[in-house]
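> Quick one, what's the 3D model for this:
(chains A and B)
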Amino acid sequence: MKRVSIMSFGDCISLSNFVKIRDFTSDKFKTFKISFHIITPLSLATASKNSVCSSVVTRATKEYPDYIKFNRYLSEIYGACLSSSVNGLGDNQDIVVSSSSISNKYSLDKEDLERICTDLIMDAVFDPLSDKTGNFDENGFKQEKRQLLENYLSMFNDKSDYARFKCKSYFYESEPAGINKYGDEKSIRALERDQLLDYWNRLARSSHIEILILGNCNFKKIAEIISKGIPISQLTNNLSNKIILKADKVKNYSEEMKLSQSKMVLAYRTGVYPADSLPTSIAAMILGGSPNSKLFLNIREKESLCYYCYSRSYNLKGSMFIETGIDAVNLELAFTLIEKQIDEIKKGNITDKEISDAKLSLINGIDSVYDSIDETEHWYISQIFNSRMKSTNEKIDQIKNVRKDDIIQAAGKITLDTVYTLKGVV
Amino acid sequence: MMSSDITEFKCTATDDIYYKIKHKSGLNIIVFNKPGFASSVASFSVKYGSVDTTFRTNHSLDFRKYPDGVAHFLEHKLFESEDRNAFNIFSEYGASSNAYTSFNTTSYYFLTTRNFYDCLKVLLDFVQSPYFTDDNVKKEQGIIDQEIEMSYDDPDWCVFYNLLKSMYLNHPIKNDIGGTAESIAKITPKMLYECYNTFYIPSNMLLMVTGDVDINQVLEICNNELVEKPSRPLPERFIENEPDKIVIPRIVKNMQVSEPMFELGFKEKSSEYNEKEIATKEIMIDTLASSSSELYENLYNEELINEASYSYGFFEGPGYSSYLLGGETKDPDKTADYILRYIDKIKKEGFSKDDFMRSKKSIYGSNVVGLESPFGINNAVTTFDFQNRNLFRYLDVFSSIDIDDINNEIAKSLDSSRLVQSIILPE
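Below you'll find the model as predicted:
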């Protein structure tokens, strides 16, 4: 077992060059969490499969093969949790299997919750429940397939989510990042139970896995159990993450629906790779990252056009998104005003106060990362494609060193790629 | 300040401590220690929400009704003073700030990892400095119109408000927190000042701080920043008598959704519940409906619900209380029928001891989890305090609740004659 210290804020145990265990423990918390991030290329052929598999392996175990009986067991151990989710991570899919619980010191009957949760997650990922034929349990698969489809379709219910999803699918139409994390309706409906367990076993043994141990627990103890029990074979997939620096032309898409309010989502290419994205992040913050930003002050406060209008950069893909909800009659006006505010930054019309407020806001967010187990996890995972991990302090120092010219230059590289409007009609 | 003015509260289960101080201005101040955390949260809250539309400040006056949405409108406008914008100052200190209005509370807060005491001064200052003009009120109406319109397209919001409108005849809980385009068009600067001056008085407010902070510094800032005001009586709120019965048993709306949604609500007799009564209700509904329950098992196996959208709980405040169950379903009527039959069964047979014990342990765990995040703590303690309850007493009382308590609770509640079924169907 090779022990290396990559970061100043989390010891790392490398089990191979593609499986690592990271220490983010701290006794200031009352809970702990063990997360396996299985990272694999995002593709329409596998996105639904990965999603349904991760749900099936966490719904029941060999020891508790019945879903409801397993829920009952988890309730008995103070509402401990074995769960899964899938997320897009640039052009890749992050399949997350987690177990979490209150810390041992709060258990009333002195159960060893660290041991229990470690065993649960190891069984889920590497020794999941199967039937006599060596497949996933039939009922479990059927229920999880049904729920996956329902979850996918229910994205339509929240019109902001729906508009964002539609915009992303057009924006990234030639890139894996445009594939929904659940796949699509057709691929979900086509899911078959046969051979799926074999598929999962191969995936779990041959993918990049980031294992994070977070919160109030004994890192050494948990890491040892994992290190001894983990089966690893050969890495079979290579992760890649493509960045398109510049938009060729603006693509416009529009859809009409019976709604009170219209939604508009604008997608931009930022022109920079993730490692160089700090000035872009600051530009996006000045543009629409706070109640003090140009979009908030001009589109909402000055013109009273909307309740929300914000921008956020997605540095992993060299992208930036602006979203607003607005009356259909004001869509064009809002578009013009948004573009005007971007031009203002490009022209250098930003004050020192705007810059220092934006920097402080980013720094405040980074400073508070370690106050939350989930934020810590997100912070770490969002950096995994960087050639080198940055500590929070290092990142804060870099933010402080960004100059006004860097921000103007970064804004100058931003190009509009896709405009999606969901137009409300009565 | 004399130490005798400070009361210490300790949670037996987790050893957490908070201090409650009655300030000479009449303001209650709570400081919750959170050692080792970089971020601190402070909220300045007023016991004034969307339901407080009809009130008087003097017994000799008539009650006066204000348009729906004034509390929420005030929340939007208070960040802006004559010569400054509070968002702007918080940004200079690197803090993030925001506010929310609920049925019973309006709360202004910030989160920061630096300049905490400067931010605290800003919070106290802007909440005490109202500034309303014809222009700035008119401008805000456009923004709030959009906020209201957004909610009309939200099926979760519609299924819930349709339920309340069908359940409550008179209680203002049935009205949207933000009001309507028509009601907010009637709001004037004069009304905002009247409502502000009535409710934003120290004895009707709470300053809550959670973080690794020094209590003496917090109190010193309060001594310096709290504006001395002549003592005012608390406003007398008027809520028309609410009948026990519901308005209509079933309401259906068509919307742009992928699958039908349902919310069942049982209207309960409302009362001022103490910590034990609230805890009993929570354990009862959890034992009945959690993902470990037989009810959930049946609904799930019949493919009538899904994990992601299913929810249940007890919902209450002054003058209203109800048990709720909801989620997406392919068959709202079959789902309701299942739930009602199961409730009947438990009413006859009583809960099983195992199910009850399991729920108690699970809720204990979620309470420990709830004491982890500074922001969550701030909200929970404020909510409890405004309802004259103590969060730690509530956590400690769980062990004293037995199965008879929850069997008695279900026997007197969940009456099918007071059931409302709110349904959203795909267009």
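> Excluding covalently adjacent residues, which one is nearest to the closest residue to chain B within the stretch 51-200 of chain A?
Residue of the stretch 51-200 of chain A nearest chain B, by C-beta to the nearest C-beta: residue A:78 (2.9 Å). All C-beta atoms are positioned from the backbone trio N, CA, C, and that covers glycine. Distance criterion C-beta to C-beta, 6 or more residues apart in numbering or on different chains; nearest residue to residue A:78, sequence neighbours excluded, is residue B:365 at 2.9 Å.
> ok, the one you found - contacts?
Taking C-beta atoms under 8 Å, 6 or more residues apart in numbering or on different chains, we find residue B:365 in contact with A:77, A:78, A:79, A:80, A:101, A:102, A:106.
> if you set the cut-off to 6 Å instead, what comes out?
A:78, A:79, A:102 (C-beta atoms under 6 Å, 6 or more residues apart in numbering or on different chains).
> Spell out the secondary structure type for the spatially most central residue of chain A.
In chain A, the residue lying closest to the centroid (C-alpha atoms, centre = their mean) is residue A:87, at 4.9 Å. Here residue A:87 is recorded as strand under DSSP: H, G, I helix; E, B strand; the rest coil.
> List the residues that contact it.
A:94, A:181.
> one more time with 8 Å
Going by C-beta under 8 Å, 6+ apart, residue A:87 touches A:93, A:94, A:96, A:181.
> Residue B:209 too?
So residue B:209 contacts B:29, B:30, B:31, B:32, B:40, B:41, B:42, B:120, B:218, B:378 (C-beta under 8 Å, 6+ apart).
> mind listing the strands for chain A?
For chain A, the strands defined by DSSP state E cover A:2-4, A:12-14, A:19-25, A:31-41, A:81-89, A:92-102, A:208-215, A:251-258, A:262-269, A:306-314, A:319-326, A:415-425.
> Report the mean confidence score over stretch B:189-197.
Stretch B:189-197 shows a mean pLDDT of 96.
> Would you mark the buried spots in that stretch?
B:189, B:191, B:192, B:194, B:195, B:196 (16 or more other C-beta atoms under 10 Å in any protein chain shown).
> Measure how far it is from the centre of its chain, please.
Centroid separation for stretch B:189-197 versus its chain: 23 Å, with C-alpha atoms, centre = their mean, to the nearest Å.
> By neighbours, which of the contacts of residue A:87 wins?
The most crowded member of those, judged by other C-beta atoms under 10 Å in any protein chain shown, is residue A:93 (25 neighbours).
> Poorly predicted segments of chain A, please.
A:1-10 (pLDDT under 70).
> can we see that at 50?
Scanning chain A for pLDDT under 50 picks out A:1-8.
> quick one, what contacts the residue nearest to the spatial centre of chain B?
The centre of chain B sits closest to residue B:102, judged by C-alpha atoms, centre = their mean, with a distance of 5.5 Å. For residue B:102, the contacting residues are B:49, B:50, B:177, by C-beta under 8 Å, 6+ apart.
> Relative to chain A, how far out is it?
18 Å (C-beta to the nearest C-beta, to the nearest Å).
> ranges for the helices of the stretch 251-400 of chain A?
Ranges of helices in the stretch 251-400 of chain A, per DSSP state H, counting those that start in this stretch, are A:278-288, A:294-295, A:331-346, A:352-367, A:373-381, A:392-401.
> Point me to the residue of the stretch 151-300 of chain B nearest chain A.
Closest residue of the stretch 151-300 of chain B to chain A, C-beta to the nearest C-beta: residue B:258 (3.8 Å).
> count of neighbours near that residue?
Residue B:258 has 18 neighbouring residues, counting by other C-beta under 10 Å.
> Mind pulling up the pLDDT for whichever residue of the stretch 101-250 of chain B sits closest to chain A?
Going by C-beta to the nearest C-beta, chain A is nearest to residue B:142 of the stretch 101-250 of chain B, at 3.0 Å. On the pLDDT scale, residue B:142 is placed at 91.
> That one against residue A:305, yeah?
Yes. Between residue B:142 and residue A:305 there is a contact under C-beta atoms under 8 Å: 7.1 Å.
> So which of the two has more stuff around it?
Comparing residue B:142 with residue A:305 by neighbour count (other C-beta under 10 Å), the higher total belongs to residue A:305, at 22 against 16.
> residues contacting the more buried one?
Contacts of residue A:305 by C-beta under 8 Å, 6+ apart are A:299, A:324, A:326, A:327, A:330, A:333, A:334, A:337, B:142, B:146.
> likewise residue B:93?
A:360, B:112, B:114, B:115, B:118, B:119, B:122.
> Look at the residue lying closest to the last one once chain neighbours are set aside and say how many residues are nearby.
With sequence-adjacent residues excluded and distances taken as C-beta to C-beta, 6+ apart, residue B:122 is closest to residue B:89, at 5.0 Å. For residue B:89, the number of neighbouring residues by other C-beta under 10 Å comes to 21.
> Residue B:89 looks like it's in a helix, true?
Yes. Residue B:89: assigned to a helix according to three-state DSSP.
> tell me the pLDDT at it?
94.
> Tell me which stretches of the stretch 101-250 of chain B form strands.
B:106-112, B:205-211, B:236-237, B:250-255 (DSSP state E, counting those that start in this stretch).
> Export the ones you listed as TSV, with columns for mean pLDDT and distance to residue B:298.
Compiled in TSV, the strands of the stretch 101-250 of chain B are given as follows (pLDDT from 0 to 100; distance: least, C-beta to C-beta, whole Å):
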stretch	mean pLDDT	distance to residue B:298
strand B:106-112	98	40
strand B:205-211	98	41
strand B:236-237	92	43
strand B:250-255	98	22
